[in-house]
Every structure is written in structure tokens, then in C-alpha cells.
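Engineer: The amino acid sequence is not available; the structure is as follows:
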């Protein structure tokens, strides 16, 4: 049809990968923090011998099992996309980032897989202390996994420690420089703290939801209290880390930052735009409303510093979708400020002795439950859309990275992914919300915290839907074996 623009193979390959990675990233953003939260709860149970901590641990352990499983499954197809849709990219950069992804499997994934079963089912089998060690190792595994994945992604953003051959392939010259590339420390810290905040908001929302039904529920009180302590402590920390990360990006990826700011002209004392519509064709941001000199202040820490605009860079290096980067950045920052407000307000109410009495604040906490997921998704969009039109920033263009897969085949597979992901993971999310809605109550008390290792007996399989058989539940006698 005349005038109808059909998406190219490149457009479809990018859309397919973006769809999958956004779905997948929601789960690690939750499990990274939740694994550490479970380790803290179990440590408190071992230290205090209070059933309250074990009850809360077992409540969230079921949820962790479901979300962890969905996270693993949702990310598997990305490996296949590297070999099909992005086979040229894999061929060119595989010698550098391939080992990073391989080490992620050999260290983090094997560590998590090896001890996850003990964590989920082994409380009565191995004893509390070894079970706590398994919980800690799973939590460490999530952080190690994040380390390797972000090392690979950060190298694509700020490549270092490599040599490029005549045929365009990248080979490492220094693994230390490639691994600890210029943006990696900032990106890793920013992402891990974002995951902890995401978990805190979910835990706080669930606690607040049950406090609205019964403000005396001790487990809901514990969830709510611990979540707000996390928000008030690391919420401001995340603002600081975001500022440091932004300064690093401005130094190494100035065109991305210019798109984030919606700034086309180079300015001294550049304004930070609160609102506007970036128009790449016109080379200006329409309807701009900004704060004078604020962009120079937080980017260069000097209100009179010169900040480069997009017009200072070749047009073919501008991010492909400037409005997307611009609005995603504002969504991330706005949600971050709301998270800080939640933590500070909770601290004030705690000081006044009204933390568990303010129903309005509890409703606010429930409404903020998804904010962490929205913020990390917006941040991921800023990171990836802002890097375009490159896969390896400034060196390898996205158009030169796509594999030889025809557009119709990509369209069919994209449609299949959309249908399967919405059905399967939509159902998984609905089930997770069902688990959130179950009132946190007393569970099986488990073994005494100082009990030695026990190996006899068989623990029945747990029921994720909340049936009487629970994680760490009562043991059944060992079956009698007769000749």
C-alpha cells in the first residue's frame, strides 16, 4: 500500500529483544533484593529465636520460588536471539563479552541452582545453620550474576581493554580494563540499589495492604517497618549514585545525556527541562519549561559550566528515539523522588508513633508497590535507547549488528513471544498477586534455631498455593523398606 511503512528486519529485531529483556528484567529486579531480604530475616530468626522472623521468612520464600522460576524462564530466549537475530553482533564482540556471560553461568547460575533446592526445601533436612548458609549463597549468587551481566552491558556502553581487527571484530587486550570499564562501577551500584528499593517497595506495599485489614498483624508490621527503613536509608543513596552515574555518562556518552536533557544547543549555565517535547527534525525542544543552570549544576557540579547539546555531535550519532529517552529519564527521576518522599514520610510518622495508624500513608505505600518496577524499566530504556544507534557505543552500529533473518520470520516470532509471554507470565504475575493477598500468619515453627543437622525423614513437597504442606513443614516418617 502506498505510504505504508512496514517495519524493517532491524526494527523487528530490536523490538523483539526489547520486549523480552523488559519482561525479564522485572524478575531479577525483584529477586536480587528479595534473596537478601530472606537472608536478613533468617539471620534475625537465628539471632533472636523469635518465630515472627521465621513466619515472615516462610511467607516470602514461597513468593521468591515463583518469581525466581519466572525470571530464569523469561531470560532463556535471549541467548537464542544472540545466535539468530544478532548473530553478526555475537561474532564481532563474542571474544570480549562471551566469557563474561559464560562466567555468569559457571559462577552465579550454578551457585543459585546448587543451593536453591536446599533453601526452598531443606530447613528440616540440613538444620538451620546450613540452611542459612544456603540462603546466603543464593543471595550472593544473585549479586554475582548481576556483576557479570552488567560488566558485559557496561562494556557495550563504555568499551575498554580491547583491540579491533581489520574485519571489525573485537578482542580483549586487558581483561581488567574490559571488566572494570569506566561505567561499570557506577552502573553496578546503581542497579543493585535499584533492585533493593524495588523489593522494599513491594514488601512495604504487601505489609501496608495487610495492615489496612488488620493493623495489629505483627508480620505485616515487620514487613512494613523493615521496608520503610530500607527506603529511607538507600533512597537518598540512590539519588547520590544516580548523580555520579549521570556525571560518568556525561563524560563518556555526552550525546545520550543531551538526549536525556532534551538539549540541542550547547549552553553555558544550561537549564534542566522539567517539561517539553524534543523535536529532532526541528532541532529543538518545544514547549520547554526548565530550571536555569540546574543541568550544569548536577552534570558538571558548576552552575556556569558549558553543557554540550546534540548539535555538537554528528546527527547520525544521535539516539534514534530522543523523546523516548527524554521522557523515560523524567519518569525514572520522578519515581525516585517519590520513593525518597515515601521513606522520609515514614520516618516522620515513626518518630511520631503513628507509623501503623496512618491509613492514608499505608494506601500511599500500597500505590507505590509497582514504582520500583516502573523506575528500573524506565532506567533500562534510558540506558539502552540512549546508546542507539550503536550496540558498542561509538564503534559498532546497530544496523551492522543484526543477523541475516528476514523480516517476516522476525514478525512471526515477535508475535509468538508477545502471546506466550503475556499468557504465561501474565498468569504467573496473577498468581504472585494471589500470594501477596494471603494474610501473613504463623507457619510451622521449624526446628530450633540451635538444632544440629538432621538427615532422617522425608519432607513433603511444598505447596506454592498455601496448602498445609509448607516450606520447612512437618516431616513424614521415612518409608519402611522390606526385603
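Structural biologist: That came through fine. From a predicted model like this one, the values you see are computed outputs, not experimental measurements.
Engineer: Any buried residues in stretch 239-246, and which?
Structural biologist: Within stretch 239-246, the residues that count as buried by 16 or more other Cβ atoms under 10 Å are 241, 242, 245, 246. All C-beta atoms are positioned from the backbone trio N, CA, C, and that covers glycine.
Engineer: my guess is the first one meets residue 188, correct?
Structural biologist: No - here residue 241 lies out of contact with residue 188, judged by Cβ atoms under 8 Å, at a distance of 9.9 Å.
Engineer: Around residue 315, how many other residues sit close by?
Structural biologist: Residue 315 sits with 9 neighbouring residues when counted by other Cβ atoms under 10 Å.
Engineer: ok, now how distant is the nearest residue to residue 58 once chain neighbours are set aside from residue 60?
Structural biologist: In space, residue 58 comes closest to residue 443 once its chain neighbours are excluded; the distance is 4.3 Å by Cβ to Cβ, 6 or more residues apart in numbering. Using Cβ to Cβ, to the nearest Å, we find residue 443 at a distance of 11 Å from residue 60.
Engineer: same check, this time on residue 140
Structural biologist: Note on residue 140: its distance to residue 60, by Cβ to Cβ, is 18 Å.
Engineer: between the two, who's got more neighbours?
Structural biologist: The residue with more neighbours, out of residue 140 and residue 60 and counting by other Cβ under 10 Å, is residue 60; that gives 22 against 18.
Engineer: Let me see the contact set for residue 368.
Structural biologist: Taking Cβ atoms under 8 Å, 6 or more residues apart in numbering as the criterion, residue 368 is in contact with 201, 204, 205, 338, 339, 342.
Engineer: Repeat the analysis, applying 10 Å as the threshold.
Structural biologist: 200-202, 204-205, 208, 231, 335, 338-339, 341-342, 374 (Cβ atoms under 10 Å, 6 or more residues apart in numbering).
Engineer: Next: residue 336.
Structural biologist: With contact taken as Cβ under 10 Å, 6+ apart, residue 336 is in contact with 194, 197, 235, 236, 238, 239, 242, 371, 372, 375, 378, 379.
Engineer: what's the span of stretch 364-371, first residue to last?
Structural biologist: Between the opening and closing residues of stretch 364-371 lies a distance of 11 Å (Cα to Cα, to the nearest Å).
Engineer: average model confidence for that stretch?
Structural biologist: Averaged over stretch 364-371, pLDDT sits at 94.
Engineer: got it, and stretch 333-352?
Structural biologist: In this model, stretch 333-352 has an average pLDDT of 93.
Engineer: where exactly do the helices run in the stretch 1-150 of the chain?
Structural biologist: The residue ranges that make up the helices of the stretch 1-150 of the chain, judged by DSSP state H, counting those that start in this stretch, are 9-48, 51-83, 87-103, 110-121, 123-126, 128-157.
Engineer: make that the stretch 251-400 of the chain, sorry
Structural biologist: When assigned using DSSP H, counting those that start in this stretch, the helices of the stretch 251-400 of the chain occupy the ranges 254-261, 294-300, 322-351, 359-367, 371-387.
Engineer: Understood, closing this out.
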